[in-house]
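**Q** can you look at this prediction? I've put the sequence above it.
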Amino acid sequence: MATAFHRTLRQLERDGIWRSLILTVIAGLILGAWVGWAVMARVNLYVTSTSARLEVDRAVHSIESPVSGRVIESRLKLGQEVTAGEVLLRLNADAEQYSLREENEKLAALEPEIRALHAQAATLEQARREETRAAQAALQETRERMHEAEAPARFAEQELSRLELLRAEHLIPERDYQRGRADAEPALRH
């Protein structure tokens, strides 16, 4: 049994040194990393205080400009109190001024066109009124002509009925009846 124990002891010596060495190196690396983190890491420290206070009225407010541009003058100072409507920054407004000038020139160019269109509209309105007056005058003239044409037609109807009555009673010759009828027909057609 001494030989079997001797072989077991040798096997343990051979396997145990390398394993122990590897485990020791790994443990050393882990311990070194932990010590490095403890020394190098930044940790936030929160402390409570009985005398600290929070001032809300001095809070920072963002300022927004209604237009974009390059700042050419600043009237801001650290801790300065400002009121509504106070000028804080001046922006380079050359592009906006050029644009405004261009729009004003376009507007000025449109003024003569607008006046011309108003004059044209007034002329057309005047022409429409004159045309309406002319149409009313033509209508009145047509009514008067029709009235003038109705009078001879009524007279011709009366004359024809008188001639027919006289013919029925044999008081006029047939020739006079035919002549009177021929004279009344053109007036009756209109």
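**A** Nice, I can see it.
**Q** so what's residue 91 closest to, chain neighbours aside?
**A** Leaving out its chain neighbours, the residue that sits closest to residue 91 by CB to CB, 6 or more residues apart in numbering is residue 69, at 3.5 Å. All C-beta spots, glycine's among them, are computed from the backbone N, C-alpha and C.
**Q** which SSE is the residue positioned nearest the centre of the chain in?
**A** The centroid of the chain falls nearest to residue 103 when counting by CA atoms, centre = their mean (19.2 Å). Using DSSP states H and E, residue 103 falls within helix 94-168.
**Q** distance between that helix and the chain's centre?
**A** 40 Å (CA atoms, centre = their mean, to the nearest Å).
**Q** run through the neighbouring helices and strands of that helix.
**A** The contact analysis (3 or more CB pairs under 8 Å, 6 or more residues apart in numbering; DSSP states H and E) places helix 94-168 against helix 174-189.
**Q** ok, and for the helix it packs on, which residues are buried?
**A** By 16 or more other CB atoms under 10 Å, the buried positions in helix 174-189 come out as 177, 180, 181, 184, 187.
**Q** closest one of those residues to residue 52?
**A** Residue 52 has its nearest neighbour among the buried residues of helix 174-189 in residue 187, at 121.7 Å by CB to CB.
**Q** list the contacts for the closest residue to that closest one other than its chain neighbours?
**A** The shortest distance from residue 187 to any residue other than its chain neighbours is 3.6 Å, reached at residue 156 (CB to CB, 6+ apart). Going by CB atoms under 8 Å, 6 or more residues apart in numbering, residue 156 touches 183, 184, 185, 187, 188.
**Q** if I look at the fourth one, how far off is residue 21?
**A** I take that to be residue 187. Counting by CB to CB, to the nearest Å, the separation of residue 187 from residue 21 is 148 Å.
**Q** cool, residue 62 as well?
**A** According to CB to CB, residue 62 stands 63 Å off from residue 21.
**Q** which one's more surrounded, those two?
**A** residue 21 (10 against 4; other CB atoms under 10 Å).
**Q** residues in contact with the more buried one?
**A** No contacts exist for residue 21 under CB under 8 Å, 6+ apart.
**Q** which element is it on?
**A** In this structure, residue 21 sits in helix 2-40 according to DSSP H and E.
**Q** what about residue 104, how many residues close to it?
**A** Residue 104 has 10 neighbours, counted by other CB under 10 Å.
**Q** number of nearby residues for residue 53?
**A** Neighbours of residue 53 using other CB under 10 Å come to 5.
**Q** so it: helix, strand or coil?
**A** Following DSSP: H, G, I helix; E, B strand; the rest coil, residue 53 is assigned to coil.
**Q** quickly note the distance from the residue nearest to residue 187 to residue 144.
**A** Distance from residue 156 to residue 144, counting by CB to CB: 19 Å.
**Q** alright, that wraps it up for me.
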